[in-house]
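[1] Take a look and give me a structure for this.
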Amino acid sequence: MAGEDQPREANPDRSPEGASRQVSGVRADQGSDAQPLSGLDFPAQSPLFHAEHADRYQRQDWIRRYQDAYGCRLIAVLDVLFGQTVTFVEELIYDANPGQDLHVILVSPGGDGEVALRLVRSLQARCKELTVIVPDIAKSAGTILVMGAHHILMAPTSDLGPVDPQFQVGGQQGLVSAKDIIAAVENAEKAVASSPDTYPIHAALLSDLTALQVEQARSALARTGDLVTEALKSLPGRSPEAVDQLKEKLTKALVDVPRDHSAVFSAQDAQDAGLPVDIVDPHSDQWRLIWRLYAKYFMMGAGPDFGMYEGANASRQVQYGGLPRAPA
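    Now for the predicted structure:
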């Protein structure tokens with residue numbers, strides 16, 4: 001079923017159920033007493049189960065092709081980065097060869113910076129060199145994670161973003177930045193101080209916030225500089241001098257200056273700041289394969305309400321709200 005590890009198959013696209021012509025060597029008048037055919041790559045799964053999960057098997061086949069072409073292990077992580085992400089990523093790399101390169105397709109609007117640190121340290125411990133591939137966005141906590149990579153692959157569609165802690169507020173869907181929480185409270189305090197009669201209006205507008213959440217937002221924002229330092233230090237071999245230089249540039253570009261969580265930090269911006277960014281030709285075979293995989297995840301609905309974790313032999317969907325999705 002969806003979310004479980006799936007046995008590896010030789011080639012899911014060669015199953016004879018999908019062939020439009022008769023299999024060579026089989027007579028049209030052969031009956032039920034015919035001998036079993038040899039040399040056919042029938043899937044290990046039952047016919048109905050395999051048909052139900054055919055899209056997953058195709059994605060995993062493309063992941064294997066990428067691995068064969070670029071001599072690495074490839075996993076895909078598309079989700080907000082909170083505590084459970086660590087467990088789901090471990091499922092994808094628990095048997096990784098530490099002498100092999102690891103490539104990670106990462107798409108995330110952000111999450112918990114502490115979780116991002118745990119993730120990049122775990123990924124680095126499971127590989128020779130870590131490459132993070134950003135086809136779309138890797139904001140906030142996602143940006144913290146990529147800071148610890150040996151290589152960051154980006155193209156014109158790629159976007160990192162401000163390192164701004166994110167919180168779930170009340171019953172709202174999506175995430176709210178710590179900067180926005182603090183700004184909303186401070187603006188309300190100023191407005192009420194100048195016009196006390198507006199207190200009921202501002203109290204209603206901020207009814208989803210508690211005093212504890214405001215203090216947590218302030219504490220998380222104060223911790224941001226330390227998170228940047230720890231993320232940069234997680235790359236083995238990066239010197240203390242290099243960490244200090246990168247931190248100075250990145251803190252200004254990603255913490256101090258941006259006023260909006262959606263501010264763009266492009267491949268060229270990241271490269272100019274000193275991060276190990278490789279700007280990939282979008283017409284290259286490597287990026288075309290990456291983008292085709294990402295397009296499949298996009299069409300499945302991967303985003304704020306739906307997380308996806310996938311490797312060659314493991315696959316998990318995480319549903320956060322709305323109606324259950326069909327297996328894919």
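[2] Output the longest helix belonging to the chain as PDB, nothing but the C-alphas.
    Using DSSP state H to define each element, the chain has its longest helix at helix 211-233. Taking Å, rounded to 0.1, in the frame of the first residue of the first chain, the C-alpha atoms of helix 211-233 are listed here in PDB:
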ATOM      1  CA  ALA A 211       1.900  35.000  24.500                       C
ATOM      2  CA  LEU A 212       3.900  31.800  24.500                       C
ATOM      3  CA  GLN A 213       3.900  31.700  20.700                       C
ATOM      4  CA  VAL A 214       5.100  35.300  20.500                       C
ATOM      5  CA  GLU A 215       8.000  34.500  22.900                       C
ATOM      6  CA  GLN A 216       8.800  31.400  20.900                       C
ATOM      7  CA  ALA A 217       9.000  33.400  17.800                       C
ATOM      8  CA  ARG A 218      11.300  35.900  19.400                       C
ATOM      9  CA  SER A 219      13.600  33.200  20.700                       C
ATOM     10  CA  ALA A 220      13.700  31.400  17.400                       C
ATOM     11  CA  LEU A 221      14.600  34.600  15.600                       C
ATOM     12  CA  ALA A 222      17.400  35.300  18.000                       C
ATOM     13  CA  ARG A 223      18.700  31.700  17.400                       C
ATOM     14  CA  THR A 224      18.800  32.200  13.600                       C
ATOM     15  CA  GLY A 225      22.500  33.400  13.500                       C
ATOM     16  CA  ASP A 226      23.600  30.300  15.400                       C
ATOM     17  CA  LEU A 227      21.600  28.000  13.100                       C
ATOM     18  CA  VAL A 228      23.500  29.500  10.100                       C
ATOM     19  CA  THR A 229      26.800  28.900  11.800                       C
ATOM     20  CA  GLU A 230      26.000  25.300  12.700                       C
ATOM     21  CA  ALA A 231      24.700  24.600   9.200                       C
ATOM     22  CA  LEU A 232      27.900  25.900   7.600                       C
ATOM     23  CA  LYS A 233      30.000  24.000  10.100                       C
END
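[3] Give me the buried positions along it.
    Of all the residues in helix 211-233, those buried under the rule 16 or more other C-beta atoms under 10 Å are 213-214, 217, 220-221, 224, 227-233. To be clear about C-beta, it is placed using only N, CA and C from the backbone, and glycine gets the same treatment.
[4] any chance of these in JSON lines, plus distance to Arg126?
    Formatted as JSON lines, the buried residues of helix 211-233 follow (distance: C-beta to C-beta, whole Å):
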{"residue": "Gln213", "distance to Arg126": "35"}
{"residue": "Val214", "distance to Arg126": "38"}
{"residue": "Ala217", "distance to Arg126": "33"}
{"residue": "Ala220", "distance to Arg126": "28"}
{"residue": "Leu221", "distance to Arg126": "31"}
{"residue": "Thr224", "distance to Arg126": "27"}
{"residue": "Leu227", "distance to Arg126": "21"}
{"residue": "Val228", "distance to Arg126": "23"}
{"residue": "Thr229", "distance to Arg126": "23"}
{"residue": "Glu230", "distance to Arg126": "19"}
{"residue": "Ala231", "distance to Arg126": "17"}
{"residue": "Leu232", "distance to Arg126": "20"}
{"residue": "Lys233", "distance to Arg126": "18"}
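[5] where exactly do the helices run in this structure?
    Listed in chain order, the helices found in the chain under DSSP H are 47-52, 54-70, 83-93, 113-125, 141-146, 178-194, 199-205, 211-233, 240-251, 267-272, 285-300.
[6] what's around the closest residue in space to Asp285 that isn't next to it in sequence, how many residues?
    Leaving aside its sequence neighbours, Asp285 sits nearest to Ala69 (C-beta to C-beta, 6 or more residues apart in numbering; 7.7 Å). Applying other C-beta atoms under 10 Å, we find 12 residues neighbouring Ala69.
[7] re earlier: tell me the most buried of the helices of the chain?
    Among the helices of the chain, ranked by average contacts under mean count of other C-beta atoms under 10 Å, first place goes to helix 141-146 (a mean of 29).
[8] shaky segments in the stretch 201-328 of the chain?
    Within the stretch 201-328 of the chain, the stretches with pLDDT under 70 are 202, 205, 215-216, 219-222, 257-262, 321-328.
[9] meant to ask about the stretch 51-200 of the chain
    For the stretch 51-200 of the chain (pLDDT under 70), the answer is 165-175, 186.
[10] hmm, try it at 90
    Counting by pLDDT under 90, the ranges of the stretch 51-200 of the chain that qualify are 109-113, 140, 161-200.
[11] quick one on the thing from earlier: which stretch among the helices of the chain comes nearest Ala155?
    Checking the helices of the chain against Ala155 by C-beta to C-beta gives helix 285-300 as the closest, at 5.7 Å.
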